[in-house]
Structures are given as C-alpha cells and as structure tokens.
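Student: here is my input; please provide its structure:
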Amino acid sequence: MKEKQSIFMLVLMVLLLVPAAGYCDQEQDFIEQVGNGSINWSQGIIQGKGIGAPPEKDYGKPHARPLALRAAKLDALRNILEVVNGVRIDSTTVVRDFAIESDIIMTKVEGMVRGARQVKQEYLSDGTVEIIMAVDMRGGFAQLVLPQDIKQVEPITAMVPAQKASGVLTGLVVNAKGLNVRPAMAPKILDENGQEVYGSAFVSREYAVQQGMSGYGKNLIEAQRNPRVTDNPLTVKGLRTEGPGRSDIVISNADAARLKNASEHLSFLKKCRVMIVVD
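Tutor: Residues are numbered from 1 along each chain as shown. Next up, the predicted model:
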C-alpha cells in the first residue's frame with residue numbers, strides 16, 4: 001500500500017512540475033511589446049493582434065462570424081505591419097527606414113506580412129473575434145533586411161554540440177543586464193576604444209539568416225547552457241550601450257582581448273554562437 005502511495009505521489013509531482021517548467025522557459029524569452037503586437041527576440045517571432053466585429057445589422061445572422069473573422073484578420077495584418085516596420089535592424093536603423101529607400105523592399109516586406117500565419121483565434125461573448133498572426137524574423141525576412149555587408153562565408157551545416165575540450169571556447173555570452181539594451185537583428189559588440197569585436201563583418205550570412213546574429217535571453221545561467229553557445233562559452237560583462245538605438249554593447253578591453261586571443265573565436269563568431277542576456 002505504501003509503495004502504491006509513493007508511486008502516486010511521484011507521478012503527481014511530475015505532473016505538477018512539467019507545466020511549471022514550461023512556464024519558466026516561456027518566462028525566459030525576451031518579449032518586447034509594441035502597440036497591438038510584440039517581438040519575441042528569443043524565438044525570432046513577430047506577432048500582431050487583431051479584433052473584428054460584424055456590422056451591427058448582421059449581428060445574430062449566420063454570416064456574422066465570417067465577417068467578424070475577416071475584419072479581425074485585416075486588423076491583425078495592419079498591426080503586425082506596424083510592428084514589423086519598427087523592428088530594429090541595428091542601433092541606428094529600423095525596418096521602416098530601410099524600406100522607404102526602396103519600393104521593391106517595401107513591397108516584399110508587405111508581401112511577407114500578408115503571408116503571416118494565424119496562431120490564435122478566439123470568439124468572444126460579445127460577438128467579436130480576436131486573432132493573433134505571426135511572422136518569422138529569420139529566413140526570408142532576415143535575408144531581405146540584414147545589412148548587405150554580411151557575406152556568405154561557407155555553406156551552413158547543422159549546429160551540433162561540439163565535443164568539449166579543456167580551455168576551448170565554443171561561444172560568447174554577453175551579460176548586459178542593467179544596461180537597458182534594446183535588441184536588434186544586427187547588434188555589435190565593441191571594446192572600450194570603439195573597436196568592433198563582433199558584428200556583421202564577423203559572421204557568415206547563411207548562419208545569420210537562419211538563426212539570427214545573436215540569441216537573447218533574460219537568465220544568465222540559461223544563456224550559458226543554451227545549445228547555441230554549446231559547452232564552454234566565454235562570458236563577459238557589458239559595460240554600457242552605444243548608438244541611439246542602445247543595441248550595441250561595450251565590453252572591457254580585457255574581455256575583448258580574451259575573445260580575440262582565443263584561436264577558435266573566429267569560427268564560433270562566424271556561426272553566430274552568441275547569446276546576449278538582457279533585463
């Protein structure tokens with residue numbers, strides 16, 4: 001009897017811990033709320049919310065819900081386009097700045113937004129419909145908006161955890177907590193003299209397009225364990241931000257030297273094995 005009770009308690013504890021663990025993981029994502037939408041910088045997802053209602057004369061009629069659904073989708077697409085236009089490419093440029101320079105780019109951005117996928121649909125008690133649409137920041141969107149000076153160095157290969165060797169660095173973690181960093185698609189890491197130690201010149205375009213130039217998180221321990229930086233990342237402390245967008249981070253000259261002196265640093269930087277920890 002006692003054995004059965006023990007098994008029951010063990011199963012109960014597992015069931016209670018599983019959703020809690022999922023919630024904690026979600027809590028570690030850095031999500032920036034923008035108007036009626038959001039940017040999940042950890043997952044690389046842009047979302048827009050839309051709410052629609054049928055015309056008053058159609059309330060209670062069979063076609064009321066389809067009309068409300070259509071209105072909600074249009075509202076969501078308008079909102080997601082607004083969020084997309086405000087995405088920071090680097091510390092000085094947002095997508096809107098980039099798009100207005102070229103009608104072709106603007107048309108392509110709008111086309112990607114029209115192709116947004118629906119991730120949530122909810123019918124509310126008052127007859128309105130709430131919808132959430134999402135667009136990936138990686139892949140085609142990143143290929144379109146990332147700076148052209150990010151060149152393709154070599155074909156991308158699957159990222160697998162490297163075999164840990166003593167002293168061999170496998171990635172970079174920048175602890176930027178307390179600096180009010182604002183994430184960007186192409187951030188830079190600078191030394192105290194303003195020299196770039198990580199940025200567009202260091203990465204292969206295909207890696208940057210497929211997974212982003214850096215990952216963002218809110219927990220230092222989780223960032224150090226992230227598969228992106230594999231087994232033995234170098235962890236450095238951010239001193240301050242640079243640039244009007246507060247997206248570039250300054251680290252000490254000593255830490256910059258440690259990074260430069262690591263013989264393998266060009267390899268893991270090229271593969272965008274960088275995590276930035278923010279508030």
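Student: low pLDDT regions in this protein?
Tutor: Within the chain, the segments meeting pLDDT under 70 span 1-26, 58-60, 62, 153-166.
Student: just the helices in it please.
Tutor: Taking DSSP state H, the helices of the chain run over residues 2-27, 64-85, 95-99, 103-114, 140-145, 205-211, 220-225, 253-261, 265-270.
Student: please identify which of those is closest to S125.
Tutor: helix 64-85 (12.6 Å; Cβ to Cβ). (Glycine included, C-beta is placed from N, CA and C.)
Student: using PDB, write out every CA atom in that closest one.
Tutor: Below are the C-alpha coordinates for helix 64-85, written out as PDB (Å, rounded to 0.1, in the frame of the first residue of the first chain):
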ATOM      1  CA  ALA A  64     -21.800  37.400 -38.800                       C
ATOM      2  CA  ARG A  65     -18.900  35.300 -37.600                       C
ATOM      3  CA  PRO A  66     -17.200  35.100 -41.000                       C
ATOM      4  CA  LEU A  67     -17.500  38.900 -41.300                       C
ATOM      5  CA  ALA A  68     -16.000  39.400 -37.900                       C
ATOM      6  CA  LEU A  69     -13.200  36.900 -38.600                       C
ATOM      7  CA  ARG A  70     -12.300  38.800 -41.800                       C
ATOM      8  CA  ALA A  71     -12.300  42.100 -40.000                       C
ATOM      9  CA  ALA A  72     -10.100  40.700 -37.300                       C
ATOM     10  CA  LYS A  73      -7.600  39.300 -39.800                       C
ATOM     11  CA  LEU A  74      -7.300  42.700 -41.600                       C
ATOM     12  CA  ASP A  75      -6.800  44.400 -38.200                       C
ATOM     13  CA  ALA A  76      -4.100  41.900 -37.200                       C
ATOM     14  CA  LEU A  77      -2.300  42.400 -40.500                       C
ATOM     15  CA  ARG A  78      -2.300  46.200 -40.100                       C
ATOM     16  CA  ASN A  79      -1.000  45.800 -36.600                       C
ATOM     17  CA  ILE A  80       1.700  43.300 -37.500                       C
ATOM     18  CA  LEU A  81       2.900  45.500 -40.300                       C
ATOM     19  CA  GLU A  82       3.300  48.400 -37.800                       C
ATOM     20  CA  VAL A  83       5.300  46.100 -35.500                       C
ATOM     21  CA  VAL A  84       7.500  44.900 -38.400                       C
ATOM     22  CA  ASN A  85       8.200  48.400 -39.600                       C
END
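Student: what residue, apart from its backbone neighbours, is nearest D279 spatially?
Tutor: K177 (5.6 Å; Cβ to Cβ, 6 or more residues apart in numbering).
Student: I'd say the one you found and V277 touch.
Tutor: Yes: using Cβ atoms under 8 Å, K177 makes contact with V277 at a distance of 5.9 Å.
Student: who touches both of the two?
Tutor: L220 (Cβ atoms under 8 Å, 6 or more residues apart in numbering).
Student: settle it for me: which of the two has more neighbours?
Tutor: In terms of neighbours (other Cβ atoms under 10 Å), V277 is the more surrounded of K177 and V277; the figures are 25 against 15.
Student: residue contacts, the spatially most central residue of the chain?
Tutor: Nearest residue to the geometric centre of the chain (Cα atoms, centre = their mean): W41, 2.2 Å. Contacts for W41 (Cβ under 8 Å, 6+ apart) come out as D29, F30, I31, E32, P183, Y216.
Student: check those residues and tell me the two furthest apart.
Tutor: Farthest pair in those (Cβ to Cβ) is D29 and P183. Separation: 11.4 Å.
Student: the two: which is more packed in?
Tutor: More crowded of D29 and P183, by other Cβ under 10 Å: P183, with 22 against 14.
Student: so who does that one touch?
Tutor: F30, E32, I39, W41, R88, Y216, S247, I276, V278.
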